[in-house]
Structures are given as structure tokens and as C-alpha cells.
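Colleague: with the input below, show me the fold.
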Amino acid sequence: MNRKKWKHKITSGLTGVILSFIMLAIFGGLAIWFHVSQNDAIIIGRILVIFAAVAFVLALYRAVFFKVLIDKEGFFYQTAPGNGRYYHYYEIRKMWISSGNETNSQQMTYCNFETNEGKISRFFFMGVNLDAVDYLMKRVEAVETTDSSGATDDGRDLVISGKVQGGIRIAVVVFILAILLLLAKSLAEQGLPPITYILPIAMAAVAVVVLVVHNMFYKIQIEKDGFYCRTNPFDGKYYQYSEITNCKLVEERKKFGSVRNRGVRETHYFYYLIFTDASNKKHRILYNKALFEREMNVLVSRIEQAQG
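Modeller: Numbering: from 1, shown residues only. Prediction:
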């Protein structure tokens, strides 16, 4: 790495580290004041400190280890300690951008690349890094032989898996559940009835189960003549493309919040693959567009080709 002068650098920067450190300092001072004054809200102060500390550690971790360093011959890509690697552009088979709104309306954009060995990696980037990503893709296009937009289908198998980023989501919800349990213990010691804290604990526990099931069982394997689709332990099935009578990709927007106060209502985005099989049964498969936009486009394209 030291031998090169990089044309572009994509990093997380120090903004998140600074903001999370300020939050940690504020909440830490608040917790100390609660402790010194023997305030009953000390448990709240401790929870806020834990959240701020975790946010600071994660921001610091990403600032130190995440980097995409780009030069004329290739790029260095690292997301964790010890996994950094320099890729020459001729080692990259395909590169494309995928994007979509999260359920909370936040726009997520990823740069995806596939090596000649078939390994797919991706990294999130923001508008400030658009020039760097544009340069990166142009350099890949200059040496590759396939369409970098991901629109060209070479007939190879593709997999959409719930394991992609699934572990991170599970860890976040488990952390929230642990905090809720800690808060519940404190409330119980103060004599409050279980009704005051049992509902959020139950909701967090259900969320953990849902995410674990999604991580273990969600899978769409796209093959040459058909695809295998499974969203839970019991509904896995293989479909021939010729069996599908209709299919489309749909974006749905749903508003949540008070109907009376429009300013409180929030728009959430959901993306579905909707298809009808030979038995005239309609299926709605929820998917993450930001992560799997290209794979879903290939699936729909193969179904449409089979329909003639």
C-alpha cells in the first residue's frame, strides 16, 4: 500500500467518530451526575452511555479498517482487520451499482464487484464518493469483456441469501434486547409491574427470531432453467421458468403514523418479486433492492425469455 499514490480514497471519515465521541461525553457526564445525586434515573443514564459507547466503537472500527484505495492499475479493498487485498482490474469480472430505499426511506447505494473466481463483494458509498466510484467503474470497464452494468446475463447461477448482512442485523437486535432486559431488571427491582416493560421485550425477542429464521432459510437460487425459492423452513420449492405465467418487480410505499398529523407520518419502502406459478398461485417475495437489484433483474429477465 505504501508504494502507491492513490488517485481516489473511499473511507468512512472521522465525522462519525467525532459525533459519537461527543455523545459519549455528554451521556457519560449525565450518568455521573445521576450517580452523584443518587437520582433514580441512573439506569437510564447507564443505558445511554452503553449505546453511545457502542456507537463510538463501531464508528472508530469503520474509520480505521474500512477503505477502498484506487489507482490506475487496481484498487485496495478492506472491511476488517487482516482481510485487505489489492485487486488488479483484470481480476474483476464485473462491477455494478445497486440502490434502493430502506424501509425507513434512507437511500442505500452499493458498489458491487465480482472477481474472476465468482466471489461477490460490495461496499456502501455516499454522494461524496461518486467521482471515485465512477472512476473505479470506468477502469474496470476498460479491461473487462462483459457489461459492467449487470444487465448482461451470461447464464451462470446466482444466489440471493439472507446471510448477506444478516449477522449484523441480528447482533443489533440482540444488543437492543439485552438493554431492554437490563432496564426491565431495574424496573422490577423498583416494584413496577411487568406490564410496563414486557411488551418491548416481547417485540425485540420476536424480532430476533424473525431475523434468525431469515438468516438461516431465506434463499433464492437462480439457475439456467429455473429457480429455487425459500423464505422460511417450510416453503422451499423449485420452479421452472416455463411454469411462471406472470412476474414483476414492485415497489410499495406505506405510510405509518398519525393520520391527523401529517408531519408525524413516515413513508416506508418495500420491494417485492410477484409471480404466478402454473397452478395459478400468486407469490409475493420481499427482497432487499439495494443489495440484490441485479440478481432480481436477471431472474425476471430469464422468466420473460422463457415466456417468449
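Colleague: nearest residue to Tyr197 other than its sequence neighbours?
Modeller: What sits nearest to Tyr197 in space, not counting adjacent residues and going by CB to CB, 6 or more residues apart in numbering, is Ala184, at 4.2 Å. C-betas here are computed from N, CA, C, even on glycine.
Colleague: how many neighbouring residues does the one you found have?
Modeller: Ala184 has 17 neighbours, counted by other CB atoms under 10 Å.
Colleague: my guess is it contacts Leu199, does it?
Modeller: No - checked against CB atoms under 8 Å, the pair Ala184 and Leu199 is beyond contact range at 10.6 Å.
Colleague: show me where the stretch 201-308 of the chain has strands.
Modeller: Using DSSP state E, counting those that start in this stretch, the strands of the stretch 201-308 of the chain run over residues 219-222, 226-230, 237-240, 246-256, 266-276, 282-287.
Colleague: and the angle from the fourth one to strand 266-276?
Modeller: Relative orientation of strand 246-256 and strand 266-276, computed by axes from the mean of the first three to the mean of the last three CA atoms, to 10 degrees: 160 degrees.
Colleague: elements contacting strand 246-256?
Modeller: Applying 3 or more CB pairs under 8 Å, 6 or more residues apart in numbering; DSSP states H and E, one finds that strand 246-256 makes contact with strand 266-276, helix 289-306.
Colleague: quick one: closest of the ones you listed to Gly84.
Modeller: Among these, helix 289-306 comes nearest to Gly84, with 22.3 Å by CB to CB.
Colleague: tell me what the closest one is packed against?
Modeller: strand 92-101, strand 107-115, strand 158-161, strand 219-222, strand 246-256, strand 266-276.
Colleague: got a list of contacts for the first one?
Modeller: Which is strand 92-101. Applying CB atoms under 8 Å, 6 or more residues apart in numbering, the contact partners of strand 92-101 are 107-116, 118, 122, 133, 136-137, 140-141, 143-144, 146-150, 269, 271, 288-294.
Colleague: buried sites along it?
Modeller: Going by neighbour count (16 or more other CB atoms under 10 Å), the buried part of strand 92-101 is 92-98, 100-101.
Colleague: bridging residues for Gly226?
Modeller: Per DSSP bridges, the residues bridged to Gly226 are Gln240.
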